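Chemist: The sequence and its predicted three-dimensional model are supplied below.
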Amino acid sequence: RRPTDGKYLLVHEPAAIAGGAPRYWLPAGRLDRGEGVLAAAVRETEEEGGVHVRVTGVLRFSLDDGVCLRVCLLAEPEGAADPVPKSLVDFESCGAVWAGADEVISKLTDDDYRSPDPARLFPAHASGQLPGWSVETPSFRALEDLARVLTANPDGDLAAQAAAVGAVWNQLQREYPPACFKGPRR
């Protein structure tokens with residue numbers, strides 16, 4: 001989120017990764033080998049949006065298929081107060097734009113998004129209903145450590161990896177409020 005005006009960064013994703021048509025989405029991606037969640041967020045935002053950021057909080061956790069933990073983070077530009085987002089098309093994105101919480105609802109439809117997350121998360125955050133919770137917690141540090149271990153050894157024992165993800169997921173649920181989770185809680 002850009003502090004100067006409260007606008008959020010939207011990435012315009014190429015059709016090949018956005019379901020057949022270019023669509024808007026949050027800067028996102030997979031973790032590289034040995035990478036943690038925070039480092040991946042900074043890298044992906046720079047690659048897809050052209051903006052160097054500092055993570056300031058977490059908006060949401062979700063767990064897909066019991067093993068794929070996804071984290072939606074809140075970040076703000078670092079360096080320039082009003083950075084210009086990426087405008088050149090490449091493999092990572094078709095560019096990026098700053099959009100207000102009101103604009104993601106009034107100017108775009110669900111079909112304009114890869115997923116409706118921006119239209120749900122941005123207004124909820126802007127209104128204060130979904131604050132950015134701290135990433136400086138024991139459970140988030142456990143998540144960071146686990147991410148680095150699992151991405152450093154992606155061919156490890158799947159049952160052990162699933163158990164480790166489940167343990168960290170339970171830790172996160174004990175430490176963060178229910179509003180911070182998407183989907184069923186264990």
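Modeler: All right, it came through fine.
Chemist: Every contact and neighbour count from this point should use C-alpha atoms.
Modeler: Will do.
Chemist: Dead centre of the chain: give me the residue that sits there.
Modeler: By CA atoms, centre = their mean, the chain has its centre lying nearest to residue 72, at 3.2 Å.
Chemist: show me where this protein has strands.
Modeler: Along the chain, counting by DSSP state E, strands occupy 8-13, 23-25, 53-64, 68-77, 96-99, 181-182.
Chemist: Run through the neighbouring helices and strands of the shortest one.
Modeler: With contacts taken as 3 or more CA pairs under 8 Å, 6 or more residues apart in numbering; DSSP states H and E, strand 181-182 sits against strand 53-64.
Chemist: Does anything pack onto the strand it packs on? Which helices or strands?
Modeler: Against strand 53-64 (3+ CA pairs under 8 Å, 6+ apart) you get helix 37-49, strand 68-77, strand 181-182.
Chemist: now do 6 Å
Modeler: The helices and strands touching strand 53-64, judged by 3 or more CA pairs under 6 Å, 6 or more residues apart in numbering; DSSP states H and E, are strand 68-77, strand 181-182.
Chemist: Give me the sheet partners of the last one and which way each runs.
Modeler: Which is strand 181-182. Here strand 181-182 has these sheet partners by DSSP bridges: strand 53-64 (parallel).
Chemist: What are the contacting residues of the strand it pairs with?
Modeler: 42, 69-78, 132-135, 180-182 (CA atoms under 6 Å, 6 or more residues apart in numbering).
Chemist: which residue sits farthest out from the middle of the chain?
Modeler: The C-alpha centroid of the chain is most remote from residue 157, which lies 26.6 Å away (CA atoms, centre = their mean).
Chemist: what does the lowest-mean-pLDDT helix or strand in the chain rub up against?
Modeler: None of the helices or strands of the chain scores lower by mean pLDDT, DSSP states H and E than strand 23-25, at a mean of 86. Applying CA under 6 Å, 6+ apart, the contact partners of strand 23-25 are 10, 11, 12, 13, 112, 113, 114.
Chemist: and the helix ranked longest in the chain with strand 68-77, angle?
Modeler: What stands out as the longest helix in the chain, according to DSSP state H, is helix 158-175. With axes from the mean of the first three to the mean of the last three CA atoms, to 10 degrees as the basis, helix 158-175 and strand 68-77 are set at 50 degrees to each other.
Chemist: Give the buried residues for helix 158-175.
Modeler: The neighbour-count check on helix 158-175 (16 or more other CA atoms under 10 Å) flags 161, 164, 165, 166, 168, 169, 171, 172, 173 as buried.
Chemist: which one of those sits closest to residue 52?
Modeler: Distance to residue 52, by CA to CA, is smallest for residue 172 among those, at 27.0 Å.
Chemist: any idea how far residue 105 is from the closest residue to the closest one other than its chain neighbours?
Modeler: Closest residue to residue 172 apart from its sequence neighbours, by CA to CA, 6 or more residues apart in numbering: residue 139 at 5.3 Å. Residue 139 is 33 Å from residue 105, where distance means CA to CA, to the nearest Å.
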